[in-house]
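K.L.:
only geometry, no sequence info:
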């Protein structure tokens, strides 16, 4: 019966990889949420600029225009800050992706070692069985010959 000496290490690496994949998934969801918020802010800014343009066709007070301009500037600042948040989230996703890639490489390395050792075990076992069968055949032949 084949027994891989490093099976516990392989299992630990698989568990670690699963943990990293969950963390990667969480970071990716966070990135999608932050990117969605950024798009919503940009859309709100576009809508506010559109409202300001429509005001050109109507009679409005300077206070109303000033309020819209201030709000658009506020949204511009929020968009800039949100873009920075999105960039940080992208960096976090990429860093976690690299960790996952490294974990996968380490796990595959052990799995390949396990496969190679299993093949060697099977070849050795097959040779041993063949040797026993050859001895049995040889003994049967010598009994018949004598």
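P.N.:
That came through, no problem. Here the structure is a predicted model, which means the values were calculated and not measured.
K.L.:
Wait, residue 23 touches residue 96, no?
P.N.:
Yes - A contact is recorded between residue 23 and residue 96 when judged using Cβ atoms under 8 Å, the distance being 5.8 Å. Yep, even glycine has a C-beta here, placed from its N, CA and C like the rest.
K.L.:
Compare those two (neighbour count), which wins?
P.N.:
Set side by side, residue 23 and residue 96 give different neighbour counts by other Cβ atoms under 10 Å, the larger being at residue 96 (18 against 14).
K.L.:
So for residue 24, what's the nearest residue that isn't a sequence neighbour?
P.N.:
Nearest in space to residue 24, with sequence neighbours left out and distances taken as Cβ to Cβ, 6 or more residues apart in numbering, is residue 96 at 4.4 Å.
K.L.:
in what helix or strand does that neighbour lie?
P.N.:
Assessed by DSSP states H and E, residue 96 sits inside helix 62-145.
K.L.:
State the mean pLDDT of that helix.
P.N.:
This predicted structure assigns helix 62-145 an average pLDDT of 94.
K.L.:
what packs against that helix?
P.N.:
Counting contacts by 3 or more Cβ pairs under 8 Å, 6 or more residues apart in numbering; DSSP states H and E, helix 62-145 is packed against helix 7-55.
K.L.:
what's next to stretch 17-30, contact-wise?
P.N.:
The list of residues contacting stretch 17-30 from outside it, by Cβ atoms under 8 Å, 6 or more residues apart in numbering, reads 89, 92, 93, 96, 97, 99, 100, 103, 104, 107.
K.L.:
Drop anything exposed from those.
P.N.:
A residue is treated as buried here by neighbour count (16 or more other Cβ atoms under 10 Å); on that basis the buried members of these are 89, 92, 93, 96, 99, 100, 103, 107.
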